[in-house]
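1. Mind looking at a prediction? Sequence and model below.
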Amino acid sequence: MQIISASMDVSKIDKSKLVRGKNGALYFNFDIVVGDSKNQYGQDVSLSVPQTKEQREAKEKKVFIGNGKTVWRSPVQTASVETIPS
């Protein structure tokens, strides 16, 4: 598990991408990518608008709407392997 702190530039959101839920609330879907390394600002998370398969295949540029960083990560637990006698 991880805790990520991020900011989104809402002026970059295409309002036509807002989806009304069954409960009447408005939702905006976005992608979260956690990188393997941090940039010069200590950030390892980027937020972007999801692309369709056609947009990905056409190599359209992603629309980045925010960034962030991992502020807490749970300790990695290694599974113990038990040897079964033969």
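-> Nice, thanks for sending it over. Residues are numbered from 1 along each chain as shown.
2. give me the beta-bridge partners of the residue positioned nearest the centre of the chain?
-> Taking C-alpha atoms, centre = their mean, the centroid of the chain lies closest to Ile32, which sits 1.0 Å from it. Assessed by DSSP bridges, Ile32 has beta-bridge partners Leu47.
3. Can you verify my assumption that it contacts Pro50?
-> No: under the criterion of C-beta atoms under 8 Å, Ile32 is not in contact with Pro50, lying 10.5 Å apart. All C-beta spots, glycine's among them, are computed from the backbone N, C-alpha and C.
4. Now do the buried residues in the longest strand belonging to the chain.
-> Criterion DSSP state E: the longest strand present in the chain is strand 64-73. Buried positions in strand 64-73, judged by neighbour count with 16 or more other C-beta atoms under 10 Å: 65-70.
5. This protein: strands as residue ranges?
-> Using DSSP E, strands in the chain cover 2-8, 19-20, 26-27, 31-34, 45-48, 64-73.
6. What are the contacting residues of the second one?
-> In other words, strand 19-20. Contact partners of strand 19-20, identified using C-beta atoms under 8 Å, 6 or more residues apart in numbering, comprise 26-29.
7. In CSV, list these along with neighbour count, distance to Lys59 and pLDDT.
-> Putting the contacts of strand 19-20 into CSV (neighbours: other C-beta atoms under 10 Å; distance: C-beta to C-beta, whole Å; pLDDT from 0 to 100) gives the following:
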residue, neighbour count, distance to Lys59, pLDDT
Leu26, 9, 31, 96
Tyr27, 11, 28, 97
Phe28, 14, 24, 96
Asn29, 9, 21, 96
